[in-house]
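K.L.:
My questions are about this predicted structure, shown below with the sequence.
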Amino acid sequence: MSAKNKLVLEWVIFIVVLDQATKFVVDQMLPLTIPIPVIEDLFNLTYVRNPGAAFGILADSHEFFRRSLLIGFPLVAVGFIAAMLRRLPEEEIWLITALSFVMGGAVGNLIDRIFYGEVIDFLDFYWSIYHWPAFNVADSFISVGVVMIVYSLILAKGQDPFASRS
């Protein structure tokens, strides 16, 4: 196994295990929808189940349509990420890690959708009247991975990091 593939596999396994372990603990230990303050006026643990996509998008759509889309899209995304990873040279550790974060997060949430038909969320940030929708560990890794990708593309200054280098 190449060093690149090993790195991807290690990150994806770490993210999926951490994500599923935290969701298991939340499901077993927290009451549904009752906020538990962690940092007053900033952060609660609030166990919610999200049948939709990010921010509850599609939550009210027909179940067959929603489940098909929310299971199919991550499968396509994982395949697309795998194709991008194959094109990256071994020395592009930053981008390999970023794509691994997105892939691991997608797999973590995909597991929930397949087994529960919805995603377990519990990280609940707010300030004053502003409230961010609850999210989970998988969502966090996806977000960090996307920021890392955007950052590296900005630094690339028009160069394609996925292009073959001969």
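P.N.:
Done, it's in.
K.L.:
alpha carbons only for contacts and neighbour counts from here, please
P.N.:
OK.
K.L.:
Looking at the protein, which helix is longest?
P.N.:
If you go by DSSP state H, the chain has its longest helix at helix 3-29.
K.L.:
Is the most centrally placed residue in the chain within a helix or a strand, and which one?
P.N.:
The residue lying closest to the centre of the chain (C-alpha atoms, centre = their mean) is G105, at 3.0 Å. Assigned by DSSP states H and E, G105 falls within helix 93-116.
K.L.:
Check which residues of the helix or strand following that helix are buried.
P.N.:
Going down the chain from helix 93-116, the next helix or strand is strand 119-127, by DSSP H and E. Neighbour counts over strand 119-127 (16 or more other C-alpha atoms under 10 Å) mark V119, I120, D121, F122, L123, D124, F125 as buried.
K.L.:
Run the angle between the lowest-mean-pLDDT helix or strand in the chain and helix 93-116 for me.
P.N.:
Across the helices and strands of the chain, mean confidence by mean pLDDT, DSSP states H and E is lowest for helix 63-87: a mean of 83. On the basis of axes from the mean of the first three to the mean of the last three C-alpha atoms, to 10 degrees, helix 63-87 is oriented at 160 degrees to helix 93-116.
K.L.:
roughly how far out does helix 63-87 sit from the chain middle?
P.N.:
Computed by C-alpha atoms, centre = their mean, to the nearest Å, the chain-centroid distance of helix 63-87 equals 12 Å.
K.L.:
before we move on, what about stretch 104-113?
P.N.:
Taking mean C-alpha positions (C-alpha atoms, centre = their mean), stretch 104-113 and its chain are 7 Å apart.
K.L.:
Give me the below-cutoff pLDDT ranges for this structure.
P.N.:
Applying pLDDT under 70 to the chain flags the ranges 52-68, 70, 164-166.
K.L.:
still on that earlier bit, for the longest helix of the chain, which helices and strands make contact with it?
P.N.:
helix 93-116, strand 119-127, helix 137-156 (3 or more C-alpha pairs under 8 Å, 6 or more residues apart in numbering; DSSP states H and E).
K.L.:
Columns distance to V78 on top of those, output as CSV?
P.N.:
Shown next, in CSV, are these (distance: least, C-alpha to C-alpha, whole Å):
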stretch, distance to V78
helix 93-116, 6
strand 119-127, 18
helix 137-156, 12
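K.L.:
That concludes my questions; thank you for your assistance.
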